[in-house]
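Engineer: Just to be clear, the model below is a prediction. Sequence and coordinates:
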Amino acid sequence: MAVQAAYHFPRGFLWGTATAAHQVEGNNTNNQWWKWEQEGHTKGTSGLAADWWGGRWKEDFDRAAEGGQNAHRMSVEWSRIQPTPDTWDEDALERYRNILRGLRDRGITALITLHHFSDPLWFFEMNGWENQQAPALFEKFVRKTVEALKEYCTLWCTINEPNIYALSGYVTGDFPTKHRGTRLAMRVLANMLRGHAAAYRAIHQIQPEARVGYAHHHRPMISKRSWSPLDAWMRSLRYNGVNMAFPSGISTGIMNTPVGRFQVPEAKGTQDFLGLNYYSVDTVSFHPGKPRELFTSSELPADADMSTNRFIANIPTGLFDTITWAVQTYPNLPILITENGVEDSNDTMRPRYLAQHIHQMWRAVNFNWPVKGYFHWTLVDNFEWERGWTQRFGLWGLDVETQKRTKRPSADLYAEICKENGLSSEMVQKYCPEVFEKLFPV
Ligand code: BGC
């Protein structure tokens, strides 16, 4: 007979989904991504996206609420709020207030990200985060926005994945950028750290009860050939650049990177929680043809359980390792899993990915580590940056032409998890029996 058991979470645990303005709003014509898309750098264009700016957030928030979600992580679009350096769009702020009221009315706690990969065009034209003035410009936007939205939110995420922003723009060239270079990428990262620190202080000044953090993309890494000292060295180089640079700045006020140190004393201690985005694990090896990546090359572990277009390997223990890293680096700091998910249009892998990752998160919670919430990426299919519409991360599918939403089985699984505040053997039996023995061994 099958085991009957459940992994439960503490009362008050936050269960939600995460989204980002440019990926769901549509018609964000005034930021650098729109320009990049029109220039043909992406697989398709964002267009109407999930049409949240046109009001479809309402039906999607209904879906979230009916699915038992009690929290939502969304971002606001800087280019809408501050369309030019000297103007504020009060209507845009009112529209965000309305959206936030929509969350409140549905009993959903808001977590707002102030910067999620998109910059106003005017900011991009002045070389964006390369510019020394960037932190002060960002702070100005943050002050205005937090002042306007504070009635509806006390949980703030300053910047989403600064490491991925710097790497994907300035190193690999996948994200919009004018210039490239490894040192430049680290300079950009240091400026984002300054921007984060300025925002942290500004938000606390405006709203003393605020809890402020940022979302860190943590990528566990293993060397490709375990016997190779060169791969081991490359692995630690890449690990330090991707995973450790920004957090080191927050720990000590000195951002340590593989290409030098940056003094950012004001960044020390500027977090009330740590947001962790975890998707997958990389293997790292030496590659003579990749000087910009410091001769490192990363790929997914060859023998892993791969997603449809081999973008993500389903390695749930990587989430546990990520949380372990966070707990060891910042003892007692509250942790939110601010993103975790998989692209899977047919929903063949997502149910087991979801169940297995939640199980790993439970292991951490069971050690009494301070994990306070989980935000699945994402609610409805959205525009996946340079990969456009070729990847589908939604619990709900989206037909971009008709705007019709279609529920994937994972939406039901996640609803059961949220409502139960836990993962049960019945759920696993029903949605992903193929991993039953792994999750509930007899
Ligand atoms: C980003 C999201 C993105 C997701 C899946 C994360 O790196 O924060 O914006 O959609 O990965 O690709």
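Structural biologist: Received, thanks. Residues are numbered from 1 along each chain as shown.

Engineer: Spatially, which residue comes closest to residue 157, not counting chain neighbours?
Structural biologist: Once flanking residues are discounted, residue 157 sits nearest to residue 113: 4.3 Å by CB to CB, 6 or more residues apart in numbering. (Glycine included, C-beta is placed from N, CA and C.)

Engineer: A helix includes that neighbour, no?
Structural biologist: No - applying DSSP: H, G, I helix; E, B strand; the rest coil, one finds residue 113 to be strand, outside a helix.

Engineer: Give me the neighbour count for it.
Structural biologist: Taking other CB atoms under 10 Å as the neighbour definition, residue 113 ends up with a count of 24.

Engineer: Check the spacing between it and the ligand real quick.
Structural biologist: Per CB to the nearest ligand atom, to the nearest Å, residue 113 is found 9 Å from the ligand.

Engineer: Repeat that for residue 379.
Structural biologist: Applying CB to the nearest ligand atom, the value for residue 379 to the ligand is 12 Å.

Engineer: quick one, what contacts that residue?
Structural biologist: Residue 379 makes contacts with 17, 19, 60, 63-64, 72, 394-396, as judged by CB atoms under 8 Å, 6 or more residues apart in numbering.

Engineer: Tell me which of those fall in strands.
Structural biologist: Judged by DSSP state E, strands contain the following of those: 17, 72, 396.

Engineer: so which of these would you say is closest to the ligand?
Structural biologist: Top of the list for closeness to the ligand, among the ones in strands among the contacts of residue 379 and by CB to the nearest ligand atom, is residue 17 at 11.8 Å.

Engineer: which strands and helices sit next to the longest helix seen in the chain?
Structural biologist: If you go by DSSP state H, the chain has its longest helix at helix 182-206. Contacts defined by 3 or more CB pairs under 8 Å, 6 or more residues apart in numbering; DSSP states H and E place helix 182-206 against helix 134-149, strand 155-160, helix 162-166, strand 211-217, helix 245-252, strand 254-257, strand 260-263.

Engineer: so how far is residue 254 from the residue nearest to residue 253 when sequence neighbours are not counted?
Structural biologist: Using CB to CB, 6+ apart and skipping residues adjacent in sequence, the residue nearest residue 253 is residue 268, 3.7 Å away. From residue 268 across to residue 254, the span is 9 Å (CB to CB, to the nearest Å).

Engineer: Likewise for residue 48?
Structural biologist: Counting by CB to CB, the gap from residue 48 to residue 254 is 45 Å.

Engineer: out of the two, which sits in the busier spot?
Structural biologist: Each of residue 48 and residue 254 has its neighbours counted (other CB under 10 Å); residue 48 has more, 18 against 14.

Engineer: Before we go further, the more buried one is sitting in a helix, right?
Structural biologist: No - per three-state DSSP, residue 48 lies outside any helix segment and is coil.

Engineer: how about it, phi and psi?
Structural biologist: Main-chain dihedrals, residue 48, degrees, to the nearest 10: phi -80, psi -10.

Engineer: Repeat that for residue 422.
Structural biologist: Backbone torsions for residue 422, taken as degrees, to the nearest 10, come to phi 180, psi 180.

Engineer: Let me see the contact set for it.
Structural biologist: Here residue 422 is in contact with 6-9, 362 (criterion: CB under 8 Å, 6+ apart).

Engineer: in the stretch 201-350 of the chain, which segments are predicted with low confidence?
Structural biologist: For the stretch 201-350 of the chain, no stretch has pLDDT under 70.

Engineer: if we go to 90?
Structural biologist: Applying pLDDT under 90 to the stretch 201-350 of the chain flags residues 308-309.

Engineer: What are the boundaries of the strands in it?
Structural biologist: Counting by DSSP state E, counting those that start in this stretch, the stretch 201-350 of the chain has strands at residues 211-217, 221-223, 254-257, 260-263, 274-277, 282-286, 296-299, 335-339.

Engineer: Export those as TSV, with columns for distance to the ligand.
Structural biologist: Below are those laid out as TSV (distance: least, CB to the nearest ligand atom, whole Å):
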stretch	distance to the ligand
strand 211-217	6
strand 221-223	16
strand 254-257	20
strand 260-263	23
strand 274-277	6
strand 282-286	13
strand 296-299	14
strand 335-339	6
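
Engineer: and the stretch 1-150 of the chain, which of its residues are near the ligand?
Structural biologist: Residues of the stretch 1-150 of the chain lying close to the ligand (CB under 6 Å from any ligand atom) are residue 20.
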